[in-house]
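Peer 1: dropping a prediction and its sequence here:
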Amino acid sequence: MTDSKYFTTTKKGEIFELKAELNSDKKEKKKEAVKKVIASMTVGKDVSALFPDVVNCMQTDNLELKKLVYLYLMNYAKSQPDMAIMAVNTFVKDCEDPNPLIRALAVRTMGCIRVDKITEYLCEPLRKCLKDEDPYVRKTAAVCVAKLHDINAQLVEDQGFLDTLKDLISDSNPMVVANAVAALSEIAESHPSSNLLDLNPQSINKLLTALNECTEWGQIFILDCLANYTPKDDREAQSICERVTPRLSHANSAVVLSAVKVLMKFMEMLSKDLDYYGTLLKKLAPPLVTLLSAEPELQYVALRNINLIVQKRPEILKHEMKVFFVKYNDPIYVKLEKLDIMIRLASQANIAQVLAELKEYATEVDVDFVRKAVRAIGRCAIKVEQSAERCVSTLLDLIQTKVNYVVQEAIVVIKDIFRKYPNKYESVIATLCENLDSLDEPEARAAMIWIVGEYAERIDNADELLESFLEGFHDESTQVQLQLLTAIVKLFLKKPTETQELVQQVLSLATQDSDNPDLRDRGYIYWRLLSTDPVAAKEVVLAEKPLISEETDLIEPTLLDELICYIGTLASVYHKPPGAFVEGGRGAVHKSLPPRTASSESTESPETAPAGAPSGEQPDVIPAQGDLLGDLLNLDLGPPVSGPPLATSSVQMGAVDLLGGGLDSLMGDEPEGIGGPNFVTPPAATVPANLGAPMGSGLSDLFDLTSGVGTLSGSYVAPKAIWLPAMKAKGLEILGTFTRQVGSISMDLQLTNKALQVMTDFAIQFNRNSFGLAPAAPLQVHAPLSPNQTVEISLPLNTVGSVMKMEPLNNLQVAVKNNIDVFYFSTLYPLHILFVEDGKMDRQIFLATWKDIPNENEAQFQIRDCPLNAEAVSSRLQSSNIFTVAKRNVEGQDMLYQSLKLTNGIWVLAELRIQPGNPNFMDLELSLKCRAPEVSQHVCQAYETILKN
């Protein structure tokens with residue numbers, strides 16, 4: 001009879017009976033009793049009362065019985081720590097048993113008992129087991145070190161177990177090596193700053209040797225460890241790739257994906273001209289194709305990973321299109337993923353095949369799949385220009401089927417095709433107009449209205465068609481209403497005489513009868529444009545539109561590079577970095593692909609310091625602004641940076657774009673004039689570089705910084721400006737400015753709730769910016785913000801956040817979250833909040849540095865109509881940390897020589913010539929010298945702001 005019998009009996013008084021059986025003299029009876037206890041424990045009964053009796057059964061040579069007792073101990077030791085101590089002697093004795101299985105069992109169980117009292121006794125047996133003659137015991141002990149580290153990290157470090165673990169990487173047994181690597185990786189993951197896995201060519205060689213003889217799990221641990229190594233040059237990268245390539249033919253899909261991850265990462269370092277590069281590309285395709293013959297769940301994981309690989313290196317699978325064709329019995333999630341990859345691989349060479357497939361899919365019964373297939377045909381047209389005509393005719397054939405949802409999807413994609421290829425396929429408009437009555441989805445109706453408005457001059461009855469939509473204007477969705485408003489205005493500008501009534505009707509509906517602020521605003525803009533300057537209206541509304549891009553759903557490059565480093569993990573399935581879905585510190589380590597080496601591709605290093613830069617003074621060059629879309633703000637708007645950033649990895653946090661609109665929509669929200677040379681500098685805020693003390697929530701109460709009144713140093717504070725209007729933030733209005741006082745930078749905010757609901761759960765986060773500005777404390781709104789209530793907050797900032805060069809340099813992109821939504825805005829901070837208090841340079845050093853900085857770095861500016869004399873100028877500037885080093889008078893003109901220092905260590909030297917103009921005003925000539933000349937323009941603006949306010 002099987003062990004299932006133990007789970008079927010339940011009777012009263014059982015505990016008493018079991019107690020008697022556990023104390024029986026007969027071994028068989030004892031074993032039966034322990035099995036019953038384990039069965040009861042498994043189904044959730046409390047058998048902790050039997051703890052002393054079960055522990056007495058430990059003194060046995062029977063391995064099966066010992067395992068059962070150890071299982072019981074692991075479960076109940078936490079709730080009975082005092083009793084568990086009784087078992088310690090047996091553990092210690094078992095660790096010296098002649099049978100290696102018992103030694104390993106003892107050390108494994110001791111590692112699983114998470115009781116502090118017991119861990120102290122574990123050290124000696126563990127030390128012996130780590131040096132045991134039997135590899136099975138050593139490999140078990142290696143994992144035990146990781147468990148012990150999780151319970152008491154300090155103990156492991158004090159006992160020197162980490163060094164022993166590092167020595168095990170050189171062990172003769174491959175399984176011991178694999179477990180040592182697994183344990184070290186686990187410990188390193190929870191302590192990112194510790195450099196435990198200090199990999200070098202020698203240790204890498206040992207890992208690669210062990211790789212061939214490990215079990216599949218061991219191979220995965222070693223491959224993942226290899227993926228964290230950065231070879232010193234392309235030759236070493238190639239050598240590692242050659243030794244990892246055989247893993248691609250492994251039967252286990254996890255091993256295959258781990259090997260692919262290593263190869264994808266190291267390929268970055270290989271020159272594309274190498275023969276080996278081409279060979280490697282060919283070798284990567286077959287294992288990926290083989291993964292697609294597994295069961296659907298594995299297929300899905302493989303497809304999600306392939307999706308990333310194809311975006312990074314489409315050439316790997318460009319000849320394998322057929323394996324991504326959908327099978328009739330594929331689950332929907334596999335079908336949709338295959339469809340996505342088909343589009344990514346579509347090219348002129350295979351487009352005929354792809355279109356034939358897609359047309360077939362469009363006649364399937366699964367509605368979601370059909371919709372995606374129709375959209376895919378449109379994406380093919382946009383991606384492969386030569387196929388556009390064939391795609392359009394395929395879409396027309398599908399429209400003729402008169403299947404409602406097919407027609408609607410086809411119209412949506414044809415709109416995009418018109419945007420990509422203007423004046424090419426407009427002959428199909430007549431067919432589209434025939435299907436006008438069947439459209440019931442907002443997206444399709446909006447697309448059709450756009451087409452009618454855009455090509456009104458080619459459609460004889462355009463006014464009638466748009467009028468038919470106007471009849472139920474208030475029942476339409478916002479998307480359709482906005483599109484209808486624009487289309488009718490376009491029609492009016494093209495045929496003014498026939499459509500005057502129609503345009504008046506739509507403007508009246510949009511402005512007077514509508515509650516939607518977006519619609520009302522657009523209506524008023526059009527109304528004013530048409531009534532004041534019809535010519536300008538024509539230029540604005542009928543302006544030439546930019547062509548749409550080919551791939552709109554590609555993952556942003558820095559995020560893609562990070563995800564490639566996580567192939568074969570959950571991150572590659574979610575297409576999100578671990579930090580977006582793993583709580584705690586484990587997701588915080590960011591990875592990136594290695595840079596191409598000099599021998600594989602010659603690149604100029606942007607980090608070359610200018611000649612003659614004084615050592616120690618020259619800050620790192622601000623990294624260039626990359627594609628920000630995936631980078632803006634991680635979904636987790638948690639507490640801000642309060643210390644130096646984590647390990648100096650070059651990877652930046654790729655993040656989930658919270659609204660889908662990304663920075664494109666954010667940029668569109670900038671106030672008029674930003675970026676031009678004469679913009680009005682909006683308020684700005686900063687934080688001291690040396691902000692050591694944690695900022696408590698009471699900071700905003702301590703200093704009332706709301707209007708800049710009472711700031712302790714005389715640094716100029718701009719009046720608050722509207723940064724986020726209520727209509728763009730669902731009723732939340734944000735005004736703000738920046739201040740610097742006594743070395744501390746703050747962002748002073750005024751939040752007003754203009755909505756009808758209470759606002760709570762406020763949080764704030766900054767995008768990476770040129771000077772690393774970041775919140776130094778959470779956004780503290782102490783009570784819920786009721787409708788029509790205003791609260792003023794001073795948010796301390798620091799300059800230890802992530803750095804990335806912005807355009808313009810002082811641009812700050814911010815996301816604010818509350819219980820309603822996440823809102824984005826951008827503002828410009830004045831540079832003078834970054835001028836530090838120790839910015840006064842010694843005269844001799846000033847002179848030497850001025851000569852040392854190349855003349856081409858000198859920038860000259862004029863500041864007209866300054867109402868101050870030389871003394872007042874010097875005093876006013878000093879209050880904002882611009883220090884006068886020396887002063888002289890030449891031919892009746894005062895000359896001030898000044899220095900200032902930015903929070904990131906950049907020095908700026910200035911020569912200010914003050915020329916008397918009319919009696920009350922002076923004209924100033926400002927010469928600035930700096931090793932980072934891009935800041936000069938903004939320093940000049942700071943001078944002007946400080947002196948004229």
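Peer 2: Looks like it arrived, so ask away.

Peer 1: tell me how many other residues crowd residue 807.
Peer 2: Using other CB atoms under 10 Å, residue 807 has 9 neighbouring residues. C-beta: built from backbone N, CA, C; applies to glycine.

Peer 1: Three-state assignment for it, please.
Peer 2: Following DSSP: H, G, I helix; E, B strand; the rest coil, residue 807 is assigned to coil.

Peer 1: I'd like the next helix or strand past the helix or strand of the chain with the lowest mean pLDDT.
Peer 2: Here the helix or strand of the chain ranked lowest by mean pLDDT, DSSP states H and E is helix 699-702, holding a mean of 32. Next along the chain after helix 699-702, taking DSSP states H and E as the criterion, comes strand 721-724.

Peer 1: pLDDT of that following strand, averaged?
Peer 2: For strand 721-724, mean pLDDT is 92.

Peer 1: next one: the helix or strand immediately after it in the chain to chain centre, how far?
Peer 2: Remark: after strand 721-724, the chain's next helix or strand is strand 732-741, criterion DSSP H and E. Centroid separation between strand 732-741 and its chain, computed with CA atoms, centre = their mean, to the nearest Å, is 27 Å.

Peer 1: between strand 732-741 and the very next helix or strand once past strand 732-741, find me the angle.
Peer 2: Note on strand 732-741: by DSSP H and E, the next helix or strand toward the C-terminus is strand 744-753. Taking axes from the mean of the first three to the mean of the last three CA atoms, to 10 degrees, one finds that strand 744-753 is oriented at 160 degrees with respect to strand 732-741.

Peer 1: direction included, what does strand 744-753 pair up with?
Peer 2: strand 732-741 (antiparallel), strand 790-798 (antiparallel) (DSSP bridges).

Peer 1: with distance to residue 47 and mean neighbour count as added columns, please give these in TSV.
Peer 2: Listed next are the strands paired with strand 744-753 as TSV, based on distance: least, CB to CB, whole Å; neighbours: other CB atoms under 10 Å:
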stretch	distance to residue 47	mean neighbour count
strand 732-741	57	24
strand 790-798	55	22
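
Peer 1: so which of those strands gets nearest residue 259?
Peer 2: Nearest to residue 259 among these is strand 790-798 (42.7 Å), distances taken as CB to CB.

Peer 1: any idea how this protein splits into domains?
Peer 2: Domain ranges of the chain: 346-439, 441-532, 721-829, 834-948, per the TED database.

Peer 1: which regions of the stretch 801-949 of the chain sit below the pLDDT cut-off?
Peer 2: Counting by pLDDT under 70, the stretch 801-949 of the chain shows low-confidence ranges at 916-919.

Peer 1: just the strands in it please.
Peer 2: For the stretch 801-949 of the chain, the strands defined by DSSP state E, counting those that start in this stretch occupy 811-817, 822-828, 858-866, 883-890, 893-901, 907-916, 922-930.

Peer 1: let me know which of those strands is the nearest to residue 539.
Peer 2: Among the strands of the stretch 801-949 of the chain, strand 822-828 comes nearest to residue 539, with 27.0 Å by CB to CB.

Peer 1: for that closest one, which helices and strands make contact with it?
Peer 2: Where contact means 3 or more CB pairs under 8 Å, 6 or more residues apart in numbering; DSSP states H and E, strand 822-828 is packed against helix 662-668, strand 721-724, strand 732-741, strand 811-817.

Peer 1: what helices and strands are in contact with the second one?
Peer 2: Here strand 721-724 touches strand 732-741, strand 822-828, going by 3+ CB pairs under 8 Å, 6+ apart.

Peer 1: give me the residues contacting that strand.
Peer 2: 682-683, 732-737, 814, 816, 823, 825, 827 (CB atoms under 8 Å, 6 or more residues apart in numbering).

Peer 1: show me how far it is from its chain's centre.
Peer 2: Taking CA atoms, centre = their mean, one finds strand 721-724 lying 26 Å from the centre of the chain it belongs to.

Peer 1: do the same with the last one
Peer 2: Using CA atoms, centre = their mean, we find the averaged C-alpha position of strand 811-817 to lie 15 Å away from the chain's own average C-alpha position.

Peer 1: other SSEs contacting that strand?
Peer 2: Using 3+ CB pairs under 8 Å, 6+ apart, strand 811-817 is in contact with strand 763-766, strand 822-828.

Peer 1: if you count neighbours, what's buried in it?
Peer 2: 811, 812, 813, 814, 815, 816, 817 (16 or more other CB atoms under 10 Å).

Peer 1: where do the helices of the stretch 151-300 of the chain begin and end?
Peer 2: Counting by DSSP state H, counting those that start in this stretch, the stretch 151-300 of the chain has helices at residues 153-158, 161-168, 174-190, 201-211, 216-227, 234-244, 253-267, 275-291, 296-312.

Peer 1: where does the prediction get shaky in the stretch 451-600 of the chain?
Peer 2: Counting by pLDDT under 70, the low-confidence segments of the stretch 451-600 of the chain come to 550-553, 584-590, 596-600.

Peer 1: just the helices in it please.
Peer 2: Per DSSP H, counting those that start in this stretch, the stretch 451-600 of the chain has helices spanning 462-470, 478-494, 500-511, 517-532, 534-541, 557-564, 570-574. These are given in chain order.

Peer 1: what's the closest of the ones you listed to residue 419?
Peer 2: Closest to residue 419 of those is helix 478-494 (CB to CB; 13.8 Å).

Peer 1: packing partners of that closest one?
Peer 2: Partner elements for helix 478-494 (3+ CB pairs under 8 Å, 6+ apart): helix 442-454, helix 462-470, helix 500-511, helix 517-532, helix 534-541.

Peer 1: the second one packs against which elements?
Peer 2: Read that as helix 462-470. Helices and strands touching helix 462-470, by 3+ CB pairs under 8 Å, 6+ apart, are helix 442-454, helix 478-494, helix 500-511.

Peer 1: point out the most buried one among the helices and strands packed on helix 478-494.
Peer 2: Comparing the helices and strands packed on helix 478-494 by mean neighbour count (mean count of other CB atoms under 10 Å), helix 442-454 comes out on top with a mean of 23.

Peer 1: run the angle between that helix and helix 478-494 for me.
Peer 2: Using the same axes, to 10 degrees: helix 442-454 against helix 478-494 is 10 degrees.

Peer 1: what angle do helix 442-454 and helix 462-470 make?
Peer 2: Angle of helix 442-454 versus helix 462-470, following the same axes, to 10 degrees, is 150 degrees.

Peer 1: follow-up on the earlier one: how about a markdown table for the helices and strands packed on strand 822-828, with distance to residue 925 added?
Peer 2: Below are the helices and strands packed on strand 822-828 laid out as a markdown table (distance: least, CB to CB, whole Å):
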| stretch | distance to residue 925 |
| --- | --- |
| helix 662-668 | 35 |
| strand 721-724 | 30 |
| strand 732-741 | 27 |
| strand 811-817 | 28 |
